[in-house]
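Engineer: got a predicted structure plus its sequence, pasted below:
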Amino acid sequence: MISPSSLIMAVDSTLSSAVGACVSENDAKALQFIEEMTKNVDSVQERILGEILSRNADTEYLKRFQLNGATDRDTFKSKVPVVTYEDLQPEIQRIANGDKSPILSSHPISEFLTSSGTSAGERKLMPTIHEELNRRQLLYSLLMPVMNLYVPGLDKGKGLYFLFIKAETKTPGGLLARPVLTSYYKSDHFKSRPYDPFNVYTSPNETILCPDSIQSMYAQMLCGLIMREEVLRVGAVFASGLLKAIRFLQVNWKQFAHDIETGTLNPKVTDPSVRECMSKILKPNPELAAFITKECSEENWECIITRIWPNTKYLDVIVTGAMAQYIPTLEYFSGGLPMACTMYASSECYFGLNLKPMCKPSEVSYTIMPNMAYFEFLPHDDSSAQDSSRDSPPRLVDLADLEVAKEYELIVTTYAGLCRYRVGDILRVTGFHNAAPQFRFIRRKNVLLSIDFDKTDESELQQAIENASVLLKEFNTSVVEYTSYADTKQIPGHYVIYWELFVKEAANAPTDEVLSQCCFQMEESLNVVYRQCRVADSIGPLEIRVVKNGTFEELMDYAISRGASINQYKVPRCVSFTPIMELLDSRVVSKHFSPALPHWTPERRR
Ligand code: AMP
């Protein structure tokens, strides 16, 4: 550490001066970088687009639009269309099949990142290039310097993070297809990261890199328990992941206590490298075992996080967007610890970070870093722009020209070759840091239900209901109306589908068994990410609640009484508003659950 005052001057940073913090040399550099990027948003964006267009000028995709070597924004905007994943699917499929010619990117596609978004029921495949790892790492390297401005002393202990790798597949052409975090954790960037006192995890790499998620979770939780007093922050990528870890503790605490008491590892953990690294960490500690038994055997799990990890200063989990539904449960388990939402990222591109990570979840705004890609924005409240076709390209706004309080859909152009690609996220500008707009994540377009990584849209739900209702035919019964709800009051959460049925012959009404099969059939029809989450136990069995006849009419009356137009009223296909939930639940006549896990195996890549 060099002297704080000289550093604060060196940082030239509204960030550090705002909180009057003293920062280390490394942090000062990172903060300086954020300042430079956010002050020069427009020139950085211009440079990034120029770089992307000149290096990819000879790709098949860009040549198609006859830019003739131009790398300026006007030419780009006038000639290159805004696209969705479906538009790019033919190119992506060719790359997946092994075509190595420069289709989207002049740099070789190193692998595909499997997005949690789906297309035709399968995960989307996002092409990436090797150097993107550097950009991702750069964004990660900015997180702790910002956090250190707000929370001192994070170098005096460890982070208990539940981090996992997931199944990988290969495309027919031999490219790996795996989630972006799996790619990152398996990279040398992560595995051989230099020691950083601010980023010491309780989980050894071997436990994070264990391909069996249960053994991985077991070992990571055990390490967290053993090092409980050193833990200063507890986290996972998304809130659902942290809650899954808490549930895992609820189910397995006796075994953990046994392992700690005896200093022996549960024989169900068979992965040799996990066993080896745990043998260095696990020593008999009856006192700790007794403590865990005492805390976990209590009926009441309120504040369990702070009881077991008493030095925790904050939870590091994303609770914005679909994850906001978990805030009350996390508050319950943590006794109201702050929840830091540090970054905003996707398989397509890592976007940016939260410069005030200790703010309330409802106030989180992300600052997109202009060096990550070229960003454009489709005004979301401008219906004419949304409906435009390729013949009249929608008017997209640049990062530097956004207006406060307006909502936009995010469009990216990446080094890996996505050009004017619709990410599908709706963001609202809340303000600026220097010249860089800051965004509240509003929602993902077209997503109705989400518990974990799953994203189910309206048409997928509709299709699933149609498939399930085939089973009702022989009972002369049909589904008259339906709506849905993501129930996250318990861990794991589950989908609840409200059905109003038309039963023609009461004597031949569908039985509980039939309706349970309908639940199962719906699960079988939902997309691959849903089914994978079910198999991994991060989503519970789907439930159908049959409601009394006339319930949906009452729902309409209620909506109209609150000002909805009779002419334009549409049954909401997903509900979460408490009075509506209460109305529906008070009319439930029977409840049915899916009796089995839906089918899931790591995907074929056609
Ligand atoms: P994936 O492509 O599976 O990596 O998912 C990326 C998507 O997750 C983004 O496009 C967002 O919709 C969502 N997401 C990522 N980070 C955040 C965040 N900090 N807050 C809310 N949603 C997020």
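Structural biologist: Ah, there it is.
Engineer: so, low pLDDT: which residues of this structure?
Structural biologist: The chain contains residues with pLDDT under 70 at 1-14, 16-21, 382-394, 603-606.
Engineer: apply 80 and report the result again.
Structural biologist: Low-confidence segments of the chain (pLDDT under 80): 1-22, 381-394, 567, 602-606.
Engineer: what's the nearest residue to R443 if we skip its chain neighbours?
Structural biologist: I426 (5.4 Å; CB to CB, 6 or more residues apart in numbering). To be clear about C-beta, it is placed using only N, CA and C from the backbone, and glycine gets the same treatment.
Engineer: nope, M144 is what I meant
Structural biologist: Distances taken as CB to CB, 6+ apart place F198 nearest to M144, at 4.6 Å, with adjacent residues excluded.
Engineer: quick one on the thing from earlier: wasn't the residue nearest to R443 part of a helix?
Structural biologist: No: with DSSP: H, G, I helix; E, B strand; the rest coil as the criterion, I426 is strand rather than part of a helix.
Engineer: one step back: contacting residues for the residue nearest to M144?
Structural biologist: 144, 148, 154-155 (CB atoms under 8 Å, 6 or more residues apart in numbering).
Engineer: ranges for the helices of the stretch 151-300 of the chain?
Structural biologist: Ranges of helices within the stretch 151-300 of the chain are 180-185, 188-191, 205-208, 213-226, 239-262, 272-281, 286-297, based on DSSP state H, counting those that start in this stretch.
Engineer: quick check, the residue in the stretch 451-600 of the chain closest to the ligand?
Structural biologist: Closest contact between the stretch 451-600 of the chain and the ligand, by CB to the nearest ligand atom, is at F453 (6.4 Å).
Engineer: follow-up on the earlier one: out of the contacts of F198, who's nearest the ligand?
Structural biologist: M144 (16.8 Å).
Engineer: how close does N205 get to Q220?
Structural biologist: 11 Å (CB to CB, to the nearest Å).
Engineer: near the ligand, which residues of the protein? Just list them.
Structural biologist: Listed as neighbours of the ligand in the chain under the rule CB under 6 Å from any ligand atom: 115-117, 180, 318, 320-321, 341, 344-347, 423, 425, 441, 444.
Engineer: mind doing that once more with 5 Å?
Structural biologist: Residues of the chain found near the ligand, taking CB under 5 Å from any ligand atom as the criterion, are 115-116, 318, 320-321, 344, 346-347, 425, 441, 444.
Engineer: return the member of those residues nearest to L378.
Structural biologist: Comparing the residues of the chain next to the ligand against L378 with CB to CB places D425 closest, at 11.0 Å.
Engineer: mind listing what the residue of the stretch 151-300 of the chain found nearest the ligand touches?
Structural biologist: Nearest residue of the stretch 151-300 of the chain to the ligand: V180, at 5.6 Å (CB to the nearest ligand atom). Neighbouring residues of V180 by CB under 8 Å, 6+ apart: 113, 126, 128, 136, 345-347.
Engineer: which of those residues fall in helices?
Structural biologist: Counting by DSSP state H, those place R136 in helices.
Engineer: need the contacts of V180 in JSON lines (columns: distance to K313 and neighbour count).
Structural biologist: Converted to JSON lines, those look like this (distance: CB to CB, whole Å; neighbours: other CB atoms under 10 Å):
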{"residue": "L113", "distance to K313": "32", "neighbour count": "25"}
{"residue": "M126", "distance to K313": "35", "neighbour count": "26"}
{"residue": "T128", "distance to K313": "34", "neighbour count": "27"}
{"residue": "R136", "distance to K313": "26", "neighbour count": "21"}
{"residue": "A345", "distance to K313": "23", "neighbour count": "20"}
{"residue": "S346", "distance to K313": "28", "neighbour count": "18"}
{"residue": "S347", "distance to K313": "30", "neighbour count": "22"}
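Engineer: closest to K254 among the contacts of V180?
Structural biologist: Closest approach to K254 among the contacts of V180 (CB to CB): A345, at 37.3 Å.
Engineer: is it true that that closest one touches F351?
Structural biologist: Yes: the criterion here is CB atoms under 8 Å, and A345 meets it with F351 at 5.8 Å.
Engineer: neighbours of N508, how many?
Structural biologist: Applying other CB atoms under 10 Å, we find 12 residues neighbouring N508.
Engineer: so who does it touch?
Structural biologist: By CB under 8 Å, 6+ apart, the residues touching N508 are 475-476.
Engineer: give me the phi and psi for it.
Structural biologist: phi -110, psi 30 (degrees, to the nearest 10).
Engineer: before we move on, what about G69?
Structural biologist: Main-chain torsions, G69, degrees, to the nearest 10: phi 90, psi -10.
Engineer: so how many other residues sit close to it?
Structural biologist: Neighbours of G69 (other CB under 10 Å): 10.
Engineer: quick one, domains of the protein?
Structural biologist: Domain assignment for the chain by the TED database gives 152-312, 447-593.
Engineer: out of those domains, flag the one nearest R55.
Structural biologist: domain 152-312 (20.4 Å).
Engineer: my guess is N26 contacts L142. True?
Structural biologist: No: assessed by CB under 8 Å, N26 is found out of contact with L142, at 10.9 Å.
Engineer: so these two - more neighbours on which side?
Structural biologist: Set N26 next to L142 and count neighbours by other CB under 10 Å: L142 wins out with 22 against 14.
Engineer: distance to A435 and neighbour count added to the contacts of F198, as TSV?
Structural biologist: Putting the contacts of F198 into TSV (distance: CB to CB, whole Å; neighbours: other CB under 10 Å) gives the following:
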residue	distance to A435	neighbour count
M144	24	22
N148	24	23
L154	30	20
D155	32	14
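Engineer: out of the residues you listed, which is nearest to S484?
Structural biologist: Using CB to CB, the contacts of F198 come closest to S484 at M144, 39.5 Å.
Engineer: so that closest one touches V151, yeah?
Structural biologist: No: M144 lies out of contact with V151 (CB under 8 Å); the separation is 9.8 Å.
Engineer: the residue of the stretch 451-600 of the chain closest to the ligand: how many residues sit nearby?
Structural biologist: Neighbours around F453, by other CB under 10 Å: 23.
Engineer: all further residue positions should be reported with the first residue as 27.
Structural biologist: That works, and once the first residue is 27, the last one we named lands at F479.
Engineer: is it true that it lies in a strand?
Structural biologist: No: according to three-state DSSP, the state of F479 is coil, so it is not within a strand.
Engineer: ok, the residue lying closest to it once chain neighbours are set aside to P237 distance?
Structural biologist: Nearest residue to F479, sequence neighbours excluded (CB to CB, 6+ apart): S142, at 4.3 Å. Using CB to CB, one gets 19 Å for the distance from S142 to P237.
Engineer: which residues touch the nearest residue to V614 once chain neighbours are set aside?
Structural biologist: Among residues not flanking V614 along the chain, R571 sits closest, at 4.7 Å (CB to CB, 6+ apart). R571 sits next to 522-525, 610-611, 614, 616-618 when contact means CB under 8 Å, 6+ apart.
Engineer: can you say which of those residues are buried?
Structural biologist: 522-525, 610, 618 (16 or more other CB atoms under 10 Å).
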